[in-house]
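Participant: Below: sequence and its predicted model.
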Amino acid sequence: MPSDNQVPRTRASLILRLRNHDDLCAWRDFVEIYQPVIFTTARKRGLQEADADDLTQEVLTRVARSIDSWDPDPKRGSFRGWLATITRNLVIQFFRETNRRPWTGIDSRIGVLLDDSSNESMHTEEFDRQRERQLFSWAARKVQSRFESKTWQAFWLTAVDGQPVASVAVQLDTTKAQVYVSRSRVMSLLKETIELTKFDSVIDRGTQ
Amino acid sequence: MTDHNCPKDRLPMLIQDELSPQESGHILAHLEECSSCQRELETLTADATWWTRTTRALSGVAVDDRSQLPSPDQSFCSVDALLEGDRPGDPPAASSQAISALLDPPVHPEMLGRLDEFDIEEMIGQGGMGIVFRGFDRSLNRPVAVKVMAPHLGANGVARKRFAREAEAAAAVVHPHVVPIYRVNSSAKRPYIAMALIDGRSLQDYISQNGPLETKDVVRISIQIAAGLAAAHRQGLIHRDIKPANILMEKDVRRVMITDFGLARAIDDVAMTQSGCLAGTPHYMSPEQVRGVDIDHRSDLFSLGSVMYFIATGQEPFHAESAFAVLNKITHDDPSPPRSINAEIPETLDRIIGRLLEKVPADRIQSADELQHLLTQYLAHLQAPQRHAQPRVKGTRSKRINVLKRFCWAIEAVVFFFAIWWTVFFTPVSPPESNEHKNADMLNSREGSEHYEPEHNEEGGREELAHPDSHN
């Protein structure tokens, strides 16, 4: 269950917006966040850069093609779970296909990929880790320009770098209270930005 | 600190910056000492999971306040194929720091900055080539659109020279249907062009919102584009990137203007050699552009054909899931005839579009002038069919070949049936007059068989009588 005061029923709305292929803002957000997620996941599974690129394009193409038929009902799984599965299947397919070619020499790797039953959860974990990273850095990029440098630093040094508020206050030549308020303001907007994407169905938050 | 003194109900407003300076100063003083309020502030902002997620997700991401966070990998190229007509793979929104680095400080606090004689008011767009600002030309007292080349492209000397060359060529085209260019600056620091600010939207946006246009409007707009192209072609300038997003439609008035002559593609070429991938939408490229061979003005005519197809049907002629598939279709497939998508499109318009979308440039309508002339004649016919004859337009090459093929089949079929007829009726074992006898014989024999029928029936009757016995 979502622990904050969000209204769950609005959660899937960005996916619904993606169904409108002309909603470029929705698509832009989607691609900005998920393109690096898919790309990095594919790279971590051992694909070359160019292959990972192709694979990323293929995943996004499939999303564009089948978003209309995607069921936003959380009982049937989350959107990001769906994406992770598409990515995983394509990675396996990639190795299967290249394995037929004698010169690649990655037979051992495909064995691991296809046989290891724990692989699916490993893949999903990796995908989720990448997604979380991209989602937050995407939101941070959007939010950063809206704040003065000092406000931003107060947030970054305490919330991300984990430095004590008191020392950051000294460093930035300001008061502790100001540091607290600054980082709350940034955090508030960061959270709002992430929640506004609403890429994920209700079920997503429960697992965070 | 005691709890009842804590101004906890004011904390949400403090976060939202909605308090008066006095009150916020007061609360800040309290917050400085009160650890309970410090915790409260944190919880109010976001629960603990948010804070830990933030730490986990962002730690290790290098950042300082002067530069942006590292942008996500930009190698994803053909997203346009997914996202029809725009460039969503573009870099994320430029930060205010990045923008102010491009501009001189403003003379007026409400302005964003200054660029030579232009006051920059706001950013109105961002694309693969750079940032577009709305500005104001102080000396000439008119609004302008200023396109500043993206710094990473500006750093490339070849790109900059090409940019300048194309822009200067484009500036020389003066025509009511071409967006006028006021100034070209190819300095190393921030190359830019200033052009007229068109109050309106692109054909792409218009069609996306309103659907395909009526035939008369399609023809009228196409005449204007053809006229603008003809003016540029006369000066030896090829646009290279005719697409609905580059045709601007003025508000209210049904006048369109072509923008970005030669520019987008000049930039794309550089972007492509740098990253090995194609920016921009591939839907309107000509087959010769796809193949990367030399192009001439007839490439623009192909693209214009695609634009006409799009505004008449609401669909791109070559539509596929990925950019690669689109390019493949452009070079190999014949598009479905516009009439098959929108039955209201008359045969003549269908043919004109088909003649522009010929794969081989020599098969196309040969010049923008010729097209403009043809369309003007056609518009006159559409407006007053009694007074103006319909222009005659040849079908496409493949259509003509089809017609020829069908004609051949028809002849073959006729010959074949004639041959059969001949074999059946004119394989005379007997002379022609015996034919009647033969027919008469057949008639007789049938009559004869009828004569025998009662007998058969009697037999059958007998059999029938026999059956019940056998069954019993």
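Facilitator: Here it is on my side, so go on. Being a predicted model, the structure only gives us computed values, none of them experimental.

Participant: Sketch out the strands for the chain, chain order is fine.
Facilitator: Since you didn't name a chain, this refers to chain A. Using DSSP state E, no strands are found in chain A.

Participant: Hmm, no, I was thinking of chain B.
Facilitator: Along chain B, the segments classed as strands by DSSP E run B:113-115, B:118-127, B:130-137, B:142-149, B:181-185, B:192-196, B:200-202, B:247-250, B:256-258.

Participant: Tell me how many other residues surround residue 134.
Facilitator: Since you didn't name a chain, this refers to chain A. Other residues near A:Gln134 come to 22 when the count uses other Cβ atoms under 10 Å in any protein chain shown. Where C-beta positions appear, they are placed from N, C-alpha and C, glycine not excepted.

Participant: The chain in question should be chain B.
Facilitator: Taking other Cβ under 10 Å as the neighbour definition, B:Arg134 ends up with a count of 18.

Participant: same deal with B:Ile401?
Facilitator: B:Ile401 has 11 neighbours, counted by other Cβ under 10 Å.

Participant: ditto for the one 4 residues further on
Facilitator: Here the count is done by other Cβ under 10 Å, and B:Lys405 has 10 residues near it.

Participant: Same check on the one 5 residues further on?
Facilitator: A count of nearby residues for B:Ala410, using other Cβ under 10 Å, gives 10.

Participant: Over to B:Ile411?
Facilitator: For B:Ile411, the neighbour count with other Cβ under 10 Å is 10.

Participant: if we can go back for a sec, can you redo the strands of chain B as TSV with distance to chain A?
Facilitator: Shown next, in TSV, are the strands of chain B (distance: least, Cβ to the nearest Cβ, whole Å):
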stretch	distance to chain A
strand B:113-115	15
strand B:118-127	11
strand B:130-137	13
strand B:142-149	17
strand B:181-185	26
strand B:192-196	21
strand B:200-202	12
strand B:247-250	17
strand B:256-258	20
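
Participant: which stretches of the stretch 251-400 of chain B form helices?
Facilitator: Assigned helices in the stretch 251-400 of chain B, in chain order: B:263-275, B:287-291, B:297-313, B:323-332, B:338-341, B:347-356, B:368-383, B:397-425 (criterion: DSSP state H, counting those that start in this stretch).

Participant: helices and strands of chain B: which one bottoms out on pLDDT?
Facilitator: Averaged element by element with mean pLDDT, DSSP states H and E, chain B has its least confident helix or strand at helix B:79-82 (a mean of 30).

Participant: Deepest in the core, which of the helices of the stretch 251-400 of chain B is it.
Facilitator: The highest average neighbour count among those, using mean count of other Cβ atoms under 10 Å in any protein chain shown, belongs to helix B:297-313 at a mean of 25.

Participant: Show me what it packs onto, helices and strands only.
Facilitator: Helices and strands in packing contact with helix B:297-313 are listed as helix B:203-210, helix B:215-234, helix B:287-291, helix B:338-341, helix B:347-356, helix B:368-383; criterion 3 or more Cβ pairs under 8 Å, 6 or more residues apart in numbering or on different chains; DSSP states H and E.

Participant: change it to 10 Å
Facilitator: Counting contacts by 3 or more Cβ pairs under 10 Å, 6 or more residues apart in numbering or on different chains; DSSP states H and E, the secondary-structure elements packed against helix B:297-313 are helix B:203-210, helix B:215-234, strand B:247-250, strand B:256-258, helix B:287-291, helix B:338-341, helix B:347-356, helix B:368-383.

Participant: A:Leu55: how many residues sit nearby?
Facilitator: One way to gauge burial is a neighbour count; for A:Leu55, by other Cβ under 10 Å, it gives 23.

Participant: Could you pull out the helices in chain A for me?
Facilitator: Listed in chain order, the helices of chain A (DSSP state H) span residues A:13-19, A:24-44, A:49-66, A:79-100, A:107-115, A:119-144, A:149-155, A:165-171, A:176-197, A:202-206.

Participant: Tell me which of those helices is the most buried.
Facilitator: Mean neighbours per residue, mean count of other Cβ under 10 Å, is largest over those for helix A:24-44, with a mean of 23.

Participant: how about it, does it reach chain B?
Facilitator: Yes. Against chain B, helix A:24-44 shows contacts by Cβ under 10 Å from any Cβ of the partner chain at A:24-40, A:43.

Participant: Low-confidence ranges, chain A, go.
Facilitator: Low-confidence regions of chain A, defined by pLDDT under 70, span residues A:1-26, A:70-77, A:98-120, A:198-208.

Participant: Same list, the helices of the stretch 251-400 of chain B, but as CSV with mean pLDDT please.
Facilitator: Output for these, formatted as CSV (pLDDT from 0 to 100):
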stretch, mean pLDDT
helix B:263-275, 50
helix B:287-291, 80
helix B:297-313, 95
helix B:323-332, 78
helix B:338-341, 92
helix B:347-356, 95
helix B:368-383, 95
helix B:397-425, 84
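
Participant: got a markdown table for these, with distance to B:Ile225 too?
Facilitator: Putting the helices of the stretch 251-400 of chain B into a markdown table (distance: least, Cβ to Cβ, whole Å) gives the following:
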| stretch | distance to B:Ile225 |
| --- | --- |
| helix B:263-275 | 16 |
| helix B:287-291 | 18 |
| helix B:297-313 | 6 |
| helix B:323-332 | 20 |
| helix B:338-341 | 17 |
| helix B:347-356 | 11 |
| helix B:368-383 | 8 |
| helix B:397-425 | 24 |
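
Participant: wait, which of those is closest to A:Ser137?
Facilitator: When the helices of the stretch 251-400 of chain B are compared by Cβ to Cβ, helix B:263-275 sits nearest A:Ser137, at 21.1 Å.

Participant: Can you check the pLDDT for the closest residue to chain A within the stretch 151-300 of chain B?
Facilitator: Going by Cβ to the nearest Cβ, chain A is nearest to B:Ser208 of the stretch 151-300 of chain B, at 5.0 Å. Model confidence at B:Ser208, given as pLDDT, is 88.

Participant: Could you tell me how many residues sit around it?
Facilitator: Other residues near B:Ser208 number 18, with proximity taken as other Cβ under 10 Å.

Participant: my guess is it meets B:Glu316, correct?
Facilitator: No. Counting by Cβ atoms under 10 Å, B:Ser208 sits too far from B:Glu316 to count as a contact (11.9 Å).

Participant: excluding its backbone neighbours, what's nearest B:Val178?
Facilitator: What sits nearest to B:Val178 in space, not counting adjacent residues and going by Cβ to Cβ, 6 or more residues apart in numbering or on different chains, is B:Gly228, at 4.6 Å.

Participant: I meant to write B:Ala164 there.
Facilitator: In space, B:Ala164 is closest to B:Ser186, 3.4 Å off (Cβ to Cβ, 6+ apart).

Participant: burial of that neighbour, as a residue count?
Facilitator: Neighbouring residues of B:Ser186 were enumerated by other Cβ under 10 Å; the total is 18.

Participant: likewise the one 5 residues further on?
Facilitator: Per other Cβ under 10 Å, the neighbour tally for B:Pro191 reads 23.

Participant: and what of the one 4 residues further on?
Facilitator: Residues contacting B:Met195 under the criterion other Cβ under 10 Å number 22.

Participant: In contact with it, which residues?
Facilitator: The contact partners of B:Met195, by Cβ atoms under 10 Å, 6 or more residues apart in numbering or on different chains, come to B:132, B:144-147, B:167, B:170-171, B:178-184, B:259-260.

Participant: What of B:Gln366?
Facilitator: For B:Gln366, the contact set (Cβ under 10 Å, 6+ apart) comprises B:His297, B:Arg298, B:Leu301, B:Arg355.

Participant: B:Leu349 too?
Facilitator: Shown in contact with B:Leu349 (Cβ under 10 Å, 6+ apart): B:215-216, B:218-219, B:222, B:308, B:312, B:338-339, B:342, B:375, B:378, B:382, B:393.

Participant: isn't B:Ile353 right up against B:Asp334?
Facilitator: No. When contacts are counted by Cβ under 10 Å, B:Ile353 is not listed as touching B:Asp334 (11.9 Å).

Participant: Give the residues shared as contacts by these two.
Facilitator: B:Pro317, B:Thr396.

Participant: where does the residue nearest to B:Val178 land on pLDDT?
Facilitator: At B:Gly228, the predicted lDDT confidence score is 95.
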